[in-house]
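Asks: Task: produce atomic coordinates for the following.
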Amino acid sequence: KVYFIGAADGHPNAWSGKIYVYDTESEQWLNTDDLASPPLILVYGCLATNETHIFMADGWDGTSDQRTPHIYIYSIADNLWTSQLIDSAMTTNGGWSDQY
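Replies: Purely as a prediction, here's the structure:
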């Protein structure tokens, strides 16, 4: 499965905070209406997984250039978000551009 978190809904700067899940085996989008939204909507950040949790770090909240000093952790089995304070804000590179 592929998870998309905080994706745009097709309109510029319309970040939803919703989780979208694509099942690569069935080649279908799953109904995710019951999945918990992240505590903070961040885009252009970095996601990683260990297959039981999804880790969300850095990103832009759409209002400022402040970086968050937290890593947000989503438990796939429990459908629950928690956060872990880190010593200093982290910056990741990446994101979206219509130039490429």
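
Asks: what are the ranges of the strands in this structure?
Replies: Assigned by DSSP state E, the chain shows strands spanning 2-5, 19-23, 28-29, 46-49, 53-57, 70-75, 80-85.

Asks: Now those strands in CSV, please, with extra columns for distance to P39 and mean pLDDT.
Replies: For the C-beta atoms, the positions are set from N, CA and C on the backbone; glycine is no exception. What follows is those, written out as CSV (distance: least, Cβ to Cβ, whole Å; pLDDT from 0 to 100):
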stretch, distance to P39, mean pLDDT
strand 2-5, 11, 82
strand 19-23, 13, 88
strand 28-29, 24, 94
strand 46-49, 15, 82
strand 53-57, 10, 87
strand 70-75, 6, 87
strand 80-85, 5, 88
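
Asks: For S75, list the residues it contacts.
Replies: Contact analysis of S75 by Cβ atoms under 8 Å, 6 or more residues apart in numbering lists 52-53, 81-82.

Asks: I figured L47 hits H53, correct?
Replies: No. Counting by Cβ atoms under 8 Å, H53 is not a contact partner of L47; they are 10.8 Å apart.

Asks: Comparing these two, which residue is more hemmed in?
Replies: The neighbour count for L47 versus H53, taken as other Cβ atoms under 10 Å, is higher for L47 (18 against 15).

Asks: dump the residue contacts of that one.
Replies: Shown in contact with L47 (Cβ under 8 Å, 6+ apart): 3, 5, 54-57.

Asks: next one: phi and psi at the nearest residue to N79 once chain neighbours are set aside?
Replies: Closest residue to N79 apart from its sequence neighbours, by Cβ to Cβ, 6 or more residues apart in numbering: A36 at 5.2 Å. A36 adopts backbone torsions of phi -70, psi 130, taken as degrees, to the nearest 10.

Asks: Please report how far the residue nearest to L30 when sequence neighbours are not counted lies from L85.
Replies: Nearest residue to L30, sequence neighbours excluded (Cβ to Cβ, 6+ apart): V21, at 4.4 Å. V21 sits at a distance of 28 Å from L85 (criterion: Cβ to Cβ, to the nearest Å).
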